[in-house]
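Peer 1: need coordinates for the following:
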Amino acid sequence: MKEKLQQLMQALTSEREELRVRLHLLGLEAKEELEQAEEKWQNMQLRLRDAGWELNLKAKEEIHDLGEDVDKLQHKISDKVEDIRLEVVEELHELGEELAELYRKIRSHF
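Peer 2: Just a heads-up that it's a prediction; the model follows:
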């Protein structure tokens with residue numbers, strides 16, 4: 001029983017570390033996409049300084065596109081965080097059931 005409990009604790013630890021890595025990777029992906037959006041923003045600002053009214057009209061379109069990109073990124077991040085949250089809840093539920101079963105077995109020996 002002790003060995004089973006240790007294995008279960010190791011599984012929990014492993015799951016926890018895996019979730020940390022996945023959240024870190026999600027953060028890196030979001031950071032990369034945000035950096036790309038920032039680069040677009042900076043490029044647009046340079047063009048505005050160098051061009052004039054005509055480029056200003058084009059920049060308005062780019063600002064709109066940039067806003068859409070940011071919205072997509074926000075939804076993507078929210079969706080991924082929700083997916084991870086659901087996986088964690090499901091895995092914790094399963095581990096809780098395993099712990100409950102192990103606890104019942106331990107109690108039945110006493």
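
Peer 1: pLDDT weak spots in this protein?
Peer 2: 51, 53, 55 (pLDDT under 70).

Peer 1: can you map out the helices along it?
Peer 2: 2-50, 53-108 (DSSP state H).

Peer 1: I'd like these laid out as JSON lines, including mean neighbour count.
Peer 2: C-beta coordinates here come from the backbone N, C-alpha and C atoms, glycine included. Below are those laid out as JSON lines (neighbours: other Cβ atoms under 10 Å):
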{"stretch": "helix 2-50", "mean neighbour count": "12"}
{"stretch": "helix 53-108", "mean neighbour count": "12"}
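
Peer 1: how about the nearest residue to Leu95, chain neighbours excluded?
Peer 2: Closest residue to Leu95 apart from its sequence neighbours, by Cβ to Cβ, 6 or more residues apart in numbering: Leu12 at 5.9 Å.

Peer 1: what about the one you found, distance to Glu82?
Peer 2: 22 Å (Cβ to Cβ, to the nearest Å).

Peer 1: kindly report the same for His24.
Peer 2: 18 Å.

Peer 1: please apply the same query to Phe110.
Peer 2: 42 Å.
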